[in-house]
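1. 3D model of this:
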Amino acid sequence: HCLAWSKTHPSRGAVAVDVVELPRLQLSFTAGRTQEGQLVLFSGNHEGLFVSGLQSSVHHLIHGLPHGVLLEDASSELAVLVPSVLPGRDQPTSSVMFPTTLVFNRG
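-> A predicted model of the protein is given here:
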């Protein structure tokens, strides 16, 4: 689940997203501006980190983490936020005896 909150009333035209919450992960992000004036979503759980806009340039590094969120700090250092979930394997079938696909049981 993902919740997006706005302080702007819809009757005023375009609505800006001010807060994004991921309640199952107990995470929140708040819209704000970097020192350069760029509008980003700052993490409410990890001080100084915000959702990075560099996905395309580092996509090859995080390709195997489809559930990860790329975060960045003011000095352009990167971090990947991933949920703490134990992965499992697909069940064997008659065509694939030892599957290699990871399955995430989210309860």
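2. can you tell me the SS state at His59?
-> Classification of His59 using DSSP: H, G, I helix; E, B strand; the rest coil returns helix.
3. what's the neighbour count on it?
-> 10 (other CB atoms under 10 Å). From N, CA and C alone the C-beta is placed, and that goes for glycine too.
4. that one and Asp90, how far apart?
-> 25 Å (CB to CB, to the nearest Å).
5. what's the closest non-adjacent residue to the residue sitting nearest the centre point of the chain?
-> The centroid of the chain falls nearest to Val69 when counting by CA atoms, centre = their mean (3.2 Å). Nearest residue to Val69 in three dimensions, chain neighbours excluded: Leu81, at 4.4 Å (CB to CB, 6 or more residues apart in numbering).
6. same check on Val96?
-> In space, and not counting its chain neighbours, Val96 is closest to Asp90: 7.6 Å by CB to CB, 6+ apart.
7. isn't the one you found up against Met97?
-> No. Using CB atoms under 8 Å, Asp90 is not in contact with Met97; the gap is 11.1 Å.
8. so between these two, which is more surrounded?
-> Neighbour totals were compared for Asp90 and Met97, and Asp90 leads with 12 against 7 (other CB under 10 Å).
9. show the contacting residues for the more buried one.
-> Taking CB atoms under 8 Å, 6 or more residues apart in numbering, we find Asp90 in contact with 96, 99, 101, 103.
10. out of those, who has the most neighbours?
-> Highest neighbour count within those: Pro99, with 13 neighbours (other CB under 10 Å).
11. name the nearest residue to that residue, ignoring sequence neighbours.
-> Leaving aside its sequence neighbours, Pro99 sits nearest to Asp90 (CB to CB, 6+ apart; 3.9 Å).
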